[in-house]
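In: sequence first, then the predicted structure:
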Amino acid sequence: MDSPAPLGIITRFYIYAIHGYVCEILFTAACDFAATGDWKFQGITSIWALFIYGSAMLGIERMYLALRSCLGFLPRALLYTLWVYVCEFTSGWLLKGMGACPWDYSHFHYNYHGLVTLEYAPFWFMGCVILEKVLIWHTLRLRLDEKWEPQEAELKKDE
């Protein structure tokens, strides 16, 4: 019997994109609550975030696979954080050129062209730690059994 196939790159991109998208909404809601005390917890993001997070996290996944046996965890996490800044700056620069950049960090003290800010470094670092230790670790272990078909008893449970 063949072993189930690992998830393809499109499926992993989707998982990473949705994860980043939801985390951004939660983060912006928490920041807004901390600043205003608004109990609505209305987080915001942009549709562009799906593509940015999906691509950036696939890049981190590739780094993890290439470096896990030759580089310790802390240097990897720092490298991932640097990668996040490269992705955020590059995508922000491209989107700004199209008049579509949804973020502006100009009001932060340690910003660079309003596209990135060092004030978020601890959050990005912790996000990268969680990304490697939880999301990437589990996503790479997921398998799809293409031969599986729901049985009638399973379908009736869902009704």
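Out: Everything's here; your move. Residues are numbered from 1 along each chain as shown.
In: low-confidence ranges, the chain, go.
Out: 1-2, 146, 148-159 (pLDDT under 70).
In: give me the distance between the spatially most central residue of the chain and residue 74.
Out: Among the residues of the chain, residue 20 comes closest to the average C-alpha position under CA atoms, centre = their mean, at 3.3 Å. Distance of residue 20 to residue 74, given as CB to CB, to the nearest Å: 22 Å. To be clear about C-beta, it is placed using only N, CA and C from the backbone, and glycine gets the same treatment.
In: sort out which residues of the helix or strand harbouring residue 52 are buried, please.
Out: Element membership for residue 52 (DSSP states H and E) is helix 48-67. Of the residues in helix 48-67, 48-50, 52-61, 63-64 count as buried by neighbour count, 16 or more other CB atoms under 10 Å.
In: buried residues in whichever helix or strand comes after it?
Out: Following helix 48-67 in sequence order, the next helix or strand is helix 73-97 (DSSP H and E). Within helix 73-97, the residues that count as buried by 16+ other CB under 10 Å are 76-77, 79-81, 83-85, 87-88, 91-92, 95-96.
In: still on that earlier bit, ok, and what's touching the helix holding residue 52?
Out: Here helix 48-67 makes contact (CB atoms under 8 Å, 6 or more residues apart in numbering) with 9, 12-14, 16-21, 24, 76, 79-80, 83-84, 87-88, 91, 95, 100, 102, 128, 131-132, 135-136, 139-140.
In: mind doing that once more with 6 Å?
Out: Contact partners of helix 48-67, identified using CB atoms under 6 Å, 6 or more residues apart in numbering, comprise 13, 16-17, 20-21, 24, 76, 80, 83, 87, 91, 132, 136.
In: that's all I had, so thanks and see you.
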